[in-house]
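Trainee: I would like the atomic coordinates for the input below:
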Amino acid sequence: MESGDEYATESDNESDTDRISELPGNILQKILSLVKIRAVVRMRRLSRKWRKQCESLQFIHLDYRDFQHWKYEKFARFVNNLLLIRRKVDLHTFQLHWDPHAPLNCNDVRMWIGYALKHNVKVLDVKLVLYDKTDLPPGIFTCRSLQELNLQWGEAPYRDYEHRQLVLPDIIKLPSLKRLTLRDVEVHELPLNSFIARSPGLVDLHLINSAMHIDRIASKALKRLTLDGFLHGCNGFTVSAPHLISFECTGCSLDDISWRDQPSLESARIDTRGCTFDSESKFTGVLAHAKKLALFGSDIKVMLEKELPTCSVFESLTTLEIGNWYLIEDLSVVLHFLQLSPRLEKLNLMHRSHHKGADTDGMSIDGVAFWCPFLENVIIQCSKDDDGIDKLVNVLVVNGISADKISITFYEDIKNKEHVERIHADEERLKELVIFEKMAKKN
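Mentor: Just a heads-up that it's a prediction; the model follows:
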């Protein structure tokens, strides 16, 4: 039996005007943007004003978790009906998140995205597990209204395509674009430079699991740059963005990153995979004025050992996350960093276990002391079977940090907590969906 909300668009019932419906239209649209799309369709029955608002919907959020009991054909029919009854008004947001085992029909996806582009969409957010990325919707990279573009598409459902990653087209013109997120994409220098040059307002660039074939990322407007994972490794690149205030990079060697037109970062998160640091450039120069830093990796430790003795004070730093190496033997690097961080308020130490049989008495901290009068919270993250954590605590206490400000968190507990919270969130969402579907059948 079909659920009623799929055909609720055909109803023309009236109801008395309520106080909420007297709110201005833009406020009502904001309210509707927070409501599940299936409920929005049914709200069309409430009154003529609600019908008009629902048919002028500016925020379309399609999340597979709200349709998990439906077959794909029924979901596609629902979306088609939704777009069919919608009035000819501009669209602010079109969001499509699909993560079940069965892939979406590429022709349907092209049609739905094409509808959004035709109606001057400002935010296009599409996350798909399986999609043929050689079959891009036309106009997606030449839409003048787009301000935020988020394309996170997984591998194609078949393996005989020429490109398994998204390849940027030769013609790119997005004059209104401010934020760009791409996953599983081949990034070449010419298309990337075209993106930046023809999107003068682009301030936020986020590349996830990308195959980068570039030597330089250059932009005078860019403020936030995130490089989250690299396919096929990284051959090194130079960042030339003098107004950059936030930089995040995961999955490459620290030696692969170099700077030109050095920015003054306010925050940075760098999680590297290298073991050495041979660069002659002053890497800490871009970090000197940061308020928040998260620095992880063995080559980070090598870089700090090399540069901290001649480094200036981190006057603005209030939050520091550091580690992912064997801190028991190499705590001196952290202590030297704390010596240069007089305004630090929060400290997170991430300890990584060493191989069995290694010496645990090699930590040399003689004569190293620090003074952080504003430090209120210290978290040490480690595994339950790690030895010597008490040494870290004793060093911090000796330098004036009260023991009640220091807490130890185990990676195993963090993982279990995240797992439990994820299961609880899924169960709560499923309960809400079951309740909604029961009410839909009654009405």
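Trainee: Could you use CA atoms for every contact and neighbour count after this?
Mentor: OK.
Trainee: Quick check: which element contains Phe337?
Mentor: Following DSSP states H and E, the helix or strand that holds Phe337 is helix 327-339.
Trainee: Which other helices and strands does that helix contact?
Mentor: In terms of contacts (3 or more CA pairs under 8 Å, 6 or more residues apart in numbering; DSSP states H and E), helix 327-339 is packed against helix 298-307, helix 389-398.
Trainee: Report all helices and strands that the last one contacts.
Mentor: Applying 3+ CA pairs under 8 Å, 6+ apart, one finds that helix 389-398 makes contact with helix 327-339.
Trainee: Please identify the deepest-packed of the helices and strands packed on helix 327-339.
Mentor: helix 298-307 (a mean of 20; mean count of other CA atoms under 10 Å).
Trainee: Need the residue closest to the centroid of the chain.
Mentor: Residue closest to the average C-alpha location in the chain (CA atoms, centre = their mean): His206, at 7.9 Å.
Trainee: For the helix or strand hosting it, which strands pair with it and how are they oriented?
Mentor: His206 is part of strand 204-213, with elements assigned from DSSP H and E. Strand 204-213 pairs in its sheet with strand 179-183 (parallel), strand 185-188 (parallel), strand 224-230 (parallel), by DSSP bridges.
Trainee: residue ranges of the helices in the stretch 151-300 of the chain, please?
Mentor: Taking DSSP state H, counting those that start in this stretch, the helices of the stretch 151-300 of the chain run over residues 189-197, 298-307.
Trainee: Ok, which of those comes nearest Phe247?
Mentor: Proximity to Phe247, assessed across these by CA to CA, is greatest for helix 298-307 (15.1 Å).
Trainee: after that closest one, next one along is what?
Mentor: Assigned by DSSP H and E, the successor of helix 298-307 is strand 319-325.
Trainee: For that next one, output the C-alpha coordinates as CSV.
Mentor: Below are the C-alpha coordinates for strand 319-325, written out as CSV (Å, rounded to 0.1, in the frame of the first residue of the first chain):
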residue,chain,number,x,y,z
THR,A,319,44.1,26.1,21.7
LEU,A,320,46.8,23.5,20.9
GLU,A,321,46.3,19.9,19.8
ILE,A,322,49.6,18.1,19.2
GLY,A,323,51.2,14.7,19.1
ASN,A,324,50.5,11.4,17.3
TRP,A,325,54.0,10.3,18.1
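Trainee: by contact count, what packs against it?
Mentor: strand 292-296, helix 298-307, strand 346-351.
Trainee: Quick one: distance of it to the chain centre.
Mentor: 20 Å (CA atoms, centre = their mean, to the nearest Å).
Trainee: Would you mind checking the average pLDDT for that strand?
Mentor: The average pLDDT within strand 319-325 is 93.
Trainee: same deal with stretch 248-268?
Mentor: For stretch 248-268, the mean pLDDT works out to 93.
Trainee: Endpoint to endpoint, stretch 285-300 covers what distance?
Mentor: Stretch 285-300 stretches 14 Å from its first residue to its last (CA to CA, to the nearest Å).
Trainee: ditto for stretch 217-228
Mentor: 15 Å.
Trainee: and what of stretch 65-75?
Mentor: 12 Å.
Trainee: Also stretch 210-222?
Mentor: First-to-last residue span, stretch 210-222, CA to CA: 19 Å.
Trainee: pull the longest helix from the protein.
Mentor: When the chain is parsed with DSSP state H, its longest helix is helix 411-442.
Trainee: who does that helix touch, helix- and strand-wise?
Mentor: Helix 411-442 packs on no helix or strand, going by 3+ CA pairs under 8 Å, 6+ apart.
Trainee: how about 10 Å then?
Mentor: If contacts are counted by 3 or more CA pairs under 10 Å, 6 or more residues apart in numbering; DSSP states H and E, helix 411-442 sits against helix 37-43, strand 377-382.
Trainee: Tabulate the ones you listed (TSV), appending mean neighbour count.
Mentor: Formatted as TSV, the helices and strands packed on helix 411-442 follow (neighbours: other CA atoms under 10 Å):
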stretch	mean neighbour count
helix 37-43	20
strand 377-382	19
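Trainee: Select from those the stretch with the lowest mean pLDDT.
Mentor: helix 37-43 (a mean of 76).
Trainee: CA atoms only for that helix, dumped as CSV, please.
Mentor: What follows is helix 37-43 as a C-alpha-only set of coordinates in CSV (Å, rounded to 0.1, in the frame of the first residue of the first chain):
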residue,chain,number,x,y,z
ILE,A,37,10.6,17.1,3.1
ARG,A,38,7.9,14.4,3.3
ALA,A,39,6.2,16.4,6.1
VAL,A,40,6.4,19.6,4.0
VAL,A,41,4.5,18.0,1.2
ARG,A,42,1.7,17.0,3.5
MET,A,43,1.6,20.5,5.1
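Trainee: Please point out which parts of whichever helix or strand comes after it sit buried.
Mentor: Proceeding N to C from helix 37-43, the next assigned helix or strand is helix 48-55, under DSSP H and E. Within helix 48-55, the residues scored as buried using 16 or more other CA atoms under 10 Å are Arg48, Lys49, Trp50, Arg51, Gln53, Cys54, Glu55.
Trainee: I'd say the third one and Met43 touch.
Mentor: Yes. In this structure, Trp50 sits in contact with Met43. The criterion is CA atoms under 10 Å, and the distance is 6.7 Å.
Trainee: just to revisit the earlier point, nearest to Asp404, of the helices and strands packed on helix 411-442?
Mentor: Checking the helices and strands packed on helix 411-442 against Asp404 by CA to CA gives strand 377-382 as the closest, at 9.1 Å.
Trainee: coming back round to it: closest to Phe410 out of the helices and strands packed on helix 327-339?
Mentor: Nearest of the helices and strands packed on helix 327-339 to Phe410, taken as CA to CA: helix 389-398 at 11.3 Å.
Trainee: burial measure for Ala369, as a count.
Mentor: 16 (other CA atoms under 10 Å).
Trainee: Just give the closest residue to it, not the sequence neighbours.
Mentor: Asn399 (6.4 Å; CA to CA, 6 or more residues apart in numbering).
Trainee: Let's see the pLDDT reported for that neighbour.
Mentor: 82.
Trainee: Would you check that it makes contact with Leu392?
Mentor: No. Assessed by CA under 10 Å, Asn399 is found out of contact with Leu392, at 11.1 Å.
Trainee: do you know how far the closest residue to Leu392 other than its chain neighbours is from Ser383?
Mentor: Once flanking residues are discounted, Leu392 sits nearest to Ile328: 7.0 Å by CA to CA, 6+ apart. Taking CA to CA as the measure, Ile328 falls 13 Å from Ser383.
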